[in-house]
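J.: Sharing a model that was predicted from the sequence below.
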Amino acid sequence: MRRLAVTAGVVAGALTLAGCGGPDSGPDAAPDKAELSVTGAYMPQPVSDMAAGFFTITNKGGADDRLTSVSSDIAGQVTVHETVDGSMQEVDSLEIPAHGRLVLKSGGNHLMFEELKRRPKEGQKVTVQLRFAHSGPVTVDIPVKPATYTPKHGH
């Protein structure tokens, strides 16, 4: 009987210690991170030396992030614009909330491709690299749509 009690004590002690991990242990202990994905990307076929880009970035993670810059080989520069009360202005970054979305759409927040090196045509794709405050870069192939294209389901 004494042997059974000692064995039970050892097992109970081991189980107790196993549950006493520090703050870095266990599946939920890692800090929340942003989990970003891009959908609905398109660029209306440009009619000048500038173009616009639209898409939705969804953040399924538990931490906020920010879109901080964009680059593309077809443009001298790509800038991020915010539209507030119908007025467009260049900004340094746009927030992507945890468990939320950043929607870039016509008449709203969007990308501006300036100093185009070539004008992409309908049916082609434009590659962009998105950079974020906390997440690694994401490369997106944006399909070029007709100049008057409007998404059926919005963003």
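T.: Happy to help now that I have it. Numbering: from 1, shown residues only.
J.: Bridged to the residue nearest to the spatial centre of the chain, which residues?
T.: The chain has Leu36 as the residue nearest its centroid, 3.9 Å off, counting by C-alpha atoms, centre = their mean. Beta-bridge pairing for Leu36 (DSSP bridges): Asn59.
J.: Parallel or antiparallel, which strands does the helix or strand containing Glu115 pair with?
T.: Element membership for Glu115 (DSSP states H and E) is strand 110-116. If you go by DSSP bridges, strand 110-116 pairs up with strand 51-59 (antiparallel), strand 75-84 (antiparallel).
J.: Once you drop chain neighbours, what's closest to Gly61?
T.: Glu35 (3.7 Å; C-beta to C-beta, 6 or more residues apart in numbering). Where C-beta positions appear, they are placed from N, C-alpha and C, glycine not excepted.
J.: I meant Gly123, not that one.
T.: Val144 (6.6 Å).
J.: Am I right that the one you found sits in a strand?
T.: Yes. Assessed with DSSP: H, G, I helix; E, B strand; the rest coil, Val144 lies in a strand.
J.: That one contacts Arg118, correct?
T.: No. Val144 is not in contact with Arg118 according to C-beta atoms under 8 Å; the separation is 11.3 Å.
J.: So the two - more neighbours on which side?
T.: Set side by side, Val144 and Arg118 show more neighbours around Val144, with 21 against 11, by other C-beta atoms under 10 Å.
J.: Spit out the contact partners of that one.
T.: Tyr42, Met43, Pro44, Gln45, Pro120, Lys121, Glu122, Gly123, Gln124, Lys125, Val126 (C-beta atoms under 8 Å, 6 or more residues apart in numbering).
J.: Ok, Thr83 next?
T.: If a contact means C-beta under 8 Å, 6+ apart, then Thr83 has Gln89, Gly107, Gly108, Asn109, His110 as its contacts.
J.: Mind picking the two most distant members of these?
T.: With C-beta to C-beta as the measure, no two of the contacts of Thr83 lie farther apart than Gln89 and Gly107, at 14.2 Å.
J.: Where does pLDDT dip in the chain?
T.: For the chain, the stretches flagged by pLDDT under 70 are 1-31, 153-155.
J.: Now do the helices in it.
T.: For the chain, applying DSSP state H gives helices covering 2-18.
J.: tally of neighbours for the closest residue to Arg118 other than its chain neighbours?
T.: Closest residue in space to Arg118, ignoring its immediate chain neighbours: Ile74 at 5.8 Å, by C-beta to C-beta, 6+ apart. Neighbours of Ile74 under the rule other C-beta under 10 Å: 20.
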